[in-house]
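Q: heads up, no residue letters with this:
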Ligand code: GLN
């Protein structure tokens, strides 16, 4: 049924970069056989899932949305991929994304944009926009994503589904093509909070192959999603995210946010206002730290390893081939970030930019620590606006970057955060997301509060 649905709608939505119907059916039959042999698989056995094309898969191409990886076949599975297979999920295909996960709209993909199923003239968010659109368009019930600055929560919000960024280190980065290693976090997309929790549990947990993976049990996310109870929970409304006049925020987004907070209060939660002054500097700090790490991570695409190689006709030096390959293989946003990062890390500027941004990161962590003394979870709108029209922000990087205003603080601090639908904006009838943030390794609190709203 899902393959039929993909055949019916994906010509227009373009959520997928790769679907192989025969291979998917073969996977499904193999799961049946495992069950017939008496293997005890988890609750998601046999369920089709779309996998963001930034996780390595031995049996499918892996492009990261970039021309530079066209035709490359990974020699190993990412840990997330392996765990999906072990749990018996059927990986039905790989989804579109902004090149190397750099973007907020999926328009930076080298393979063309994905469309938002609610209104196909609009973006599905990004960078995991293929995954969010696939779930929202009922092409699959579940999908994976990665969140470096908001790339799960923001697309979930603007397509009206659930998307969770686990605690940094709670899900493995092994086999996830690196963008910004201190921020990158795999997480689940689903249409319900409980489905998201089941998927979260299926692929998370300690991985000795990722040195930043946390050696602790997965928080009890499924139990929390079933509990769905907020009585006595202290919920902090962050003054700096949407409050204080709400400048730059769409009216309908703020209206739905306020109603969600009122609903939580009527369900027995205690609402408090908290202030996190350093959040104002989160966006500039992120756009120094993320490009710095990206400039280092993307140095591995040197025309010698991996897919593309341009100009290697025997007349050029290795350095010339490398320059030609990177010029042809990377898109404009990736080049912009490599230049920004290289500049910010260069001697003489390191302390002024990168060092300064790291200090801001510490201040943001301290703001969170103080706020979590007063509240069990913090809430905000997930995004300042609903889905914007395709093309509207492509020539204006600053406008594009603002889509992640509310999501970035949790990446810089490494804590857990979820986006859950909270209605449609009056102006455009498009979905609005509520963000619920919790301390490191308290991912279960996000699910508990999100489920109460469903
Ligand atoms: N939109 C942000 C960026 O472009 C976040 C991307 C992400 O989370 N992968 O960097």
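A: Received it, and whenever you're ready, just let me know what you need. Predicted, not measured: the structure shown is a model, and the values here were computed from it.
Q: any part of the top helix by length along the chain near the ligand?
A: In the chain, with assignment by DSSP state H, the single longest helix is helix 356-374. No. Helix 356-374 lies apart from the ligand when judged by CB under 6 Å from any ligand atom; the minimum separation is 13.9 Å. Where you see a C-beta, it was placed from the backbone N, CA and C, and this is true even at glycine.
Q: now the strands for the stretch 101-250 of the chain?
A: Using DSSP state E, counting those that start in this stretch, the strands of the stretch 101-250 of the chain run over residues 142-146, 162-165, 186-190, 234-238.
Q: the ones you listed: which one's closest to residue 394?
A: Residue 394 lies closest to strand 142-146 among those, at 21.5 Å (CB to CB).
Q: average pLDDT for that closest one?
A: Averaged across strand 142-146, pLDDT comes to 99.
Q: orientation of that strand relative to strand 186-190 in degrees?
A: If you take axes from the mean of the first three to the mean of the last three CA atoms, to 10 degrees, strand 142-146 sits at 150 degrees to strand 186-190.
Q: contacting residues around whichever strand or helix holds residue 335?
A: Following DSSP states H and E, one finds residue 335 within helix 332-345. Where contact means CB atoms under 8 Å, 6 or more residues apart in numbering, the residues beyond helix 332-345 that reach it are 66, 98-100, 102-103, 108, 287-288, 290-296, 298, 330, 349-350, 353-354, 357, 397.
Q: in that helix, what's buried?
A: Under the neighbour-count criterion of 16 or more other CB atoms under 10 Å, helix 332-345 has 333-334, 337-338, 340-342, 344-345 buried.
Q: which of the contacts of helix 332-345 are buried?
A: Among these, those buried by neighbour count (16+ other CB under 10 Å) are 66, 98-100, 102-103, 108, 287-288, 290-296, 298, 330, 353-354, 357.
Q: from those residues, which land in helices?
A: Applying DSSP H to the buried ones among the contacts of helix 332-345, the entries found in helices are 287-288, 290-296, 357.
Q: and residue 18, which of the three is it?
A: Following DSSP: H, G, I helix; E, B strand; the rest coil, residue 18 is assigned to strand.
Q: can you report phi and psi for the residue lying closest to it once chain neighbours are set aside?
A: Nearest non-adjacent residue to residue 18, counting by CB to CB, 6 or more residues apart in numbering: residue 94, 4.3 Å away. Phi and psi for residue 94, reported as degrees, to the nearest 10, are phi -110, psi 140.
Q: which residues does residue 94 bridge with?
A: Taking DSSP bridges as the rule, residue 94 bridges to residue 18, residue 51.
Q: contacting residues around it?
A: Contact partners of residue 94, counting by CB under 8 Å, 6+ apart, are 16-18, 50-53, 57, 60-63.
Q: distance of it from the ligand?
A: Using CB to the nearest ligand atom, to the nearest Å, residue 94 is found at 16 Å from the ligand.
Q: what does residue 30 give?
A: Using CB to the nearest ligand atom, residue 30 is found at 32 Å from the ligand.
Q: give me the residue from the stretch 201-350 of the chain nearest the ligand.
A: Taking CB to the nearest ligand atom as the measure, the stretch 201-350 of the chain has residue 290 as its residue closest to the ligand, at 5.3 Å.
Q: how many other residues sit next to residue 368?
A: Using other CB atoms under 10 Å, residue 368 has 26 other residues around it.
Q: quick check, pLDDT for the closest residue in space to it that isn't next to it in sequence.
A: Nearest residue to residue 368, sequence neighbours excluded (CB to CB, 6+ apart): residue 413, at 4.8 Å. You'll see residue 413 listed with a pLDDT of 98.
Q: quick revisit: show residues contacting the longest helix of the chain.
A: Contacts for helix 356-374 (CB under 8 Å, 6+ apart): 234, 236, 238, 272, 274-279, 281-282, 284-286, 288-289, 292, 344, 378, 409, 412-415, 437, 439.
Q: touching, residue 65 and residue 95? I think so.
A: No. Using CB atoms under 8 Å, residue 65 is not in contact with residue 95, being 9.6 Å away.
Q: quick check: neighbours shared by those two?
A: 17, 53.
Q: who's more crowded, these two?
A: More crowded of residue 65 and residue 95, by other CB under 10 Å: residue 95, with 33 against 30.
Q: surely the more buried one is in contact with residue 51?
A: Yes. Assessed by CB under 8 Å, residue 95 is found in contact with residue 51 at 6.8 Å.
Q: find residues that contact each of those two.
A: In terms of CB under 8 Å, 6+ apart, residue 95 and residue 51 are both contacted by the residues residue 143.
Q: is the residue of the stretch 201-350 of the chain closest to the ligand in contact with residue 148, as I believe?
A: Yes. If you go by CB under 8 Å, residue 290 and residue 148 touch, sitting 6.4 Å apart.
Q: what sits in contact with each of those two?
A: 179-180, 183.
Q: weed out the non-buried ones from these.
A: Among the shared contacts of residue 290 and residue 148, those buried by neighbour count (16+ other CB under 10 Å) are 179-180, 183.
Q: from these, which land in helices?
A: Judged by DSSP H, these include no members of helices.
Q: and the ligand, which of these reach it?
A: Filtering these for proximity to the ligand by CB under 6 Å from any ligand atom leaves residue 179.
Q: so which of the buried ones among the shared contacts of residue 290 and residue 148 comes closest to the ligand?
A: Nearest to the ligand out of these is residue 179 (CB to the nearest ligand atom; 5.9 Å).
Q: contact partners for that closest one?
A: Taking CB under 8 Å, 6+ apart, we find residue 179 in contact with 100-102, 146, 148, 290, 293-294, 297.
Q: per-residue confidence for residue 246?
A: We have a pLDDT of 67 for residue 246.
Q: one more: the one 3 residues further on?
A: In the predicted model, residue 249 carries a pLDDT score of 93.
Q: right, and it touches residue 384 too?
A: Yes. With contacts counted by CB under 8 Å, residue 249 reaches residue 384, the gap being 4.6 Å.
Q: shared neighbours of those two, anything?
A: Counting by CB under 8 Å, 6+ apart, the contacts common to residue 249 and residue 384 are residue 242.
Q: enumerate the residues of the protein near the ligand.
A: By CB under 6 Å from any ligand atom, the residues of the chain that approach the ligand are 101-104, 127, 147-151, 179, 290, 404.
Q: run the last query once more with 5 Å
A: Within the chain, the positions near the ligand by CB under 5 Å from any ligand atom are 101-104, 127, 148-149, 151, 404.
Q: who wins on neighbours among these?
A: Within the residues of the chain next to the ligand, most neighbours by other CB under 10 Å means residue 151, with 36 neighbours.
Q: need the phi and psi values for that residue.
A: Main-chain torsions, residue 151, degrees, to the nearest 10: phi -70, psi 0.
Q: you'd agree residue 80 is in a strand?
A: No. Secondary structure of residue 80 (three-state DSSP): helix, not part of a strand.
Q: okay then, goodbye and thanks.
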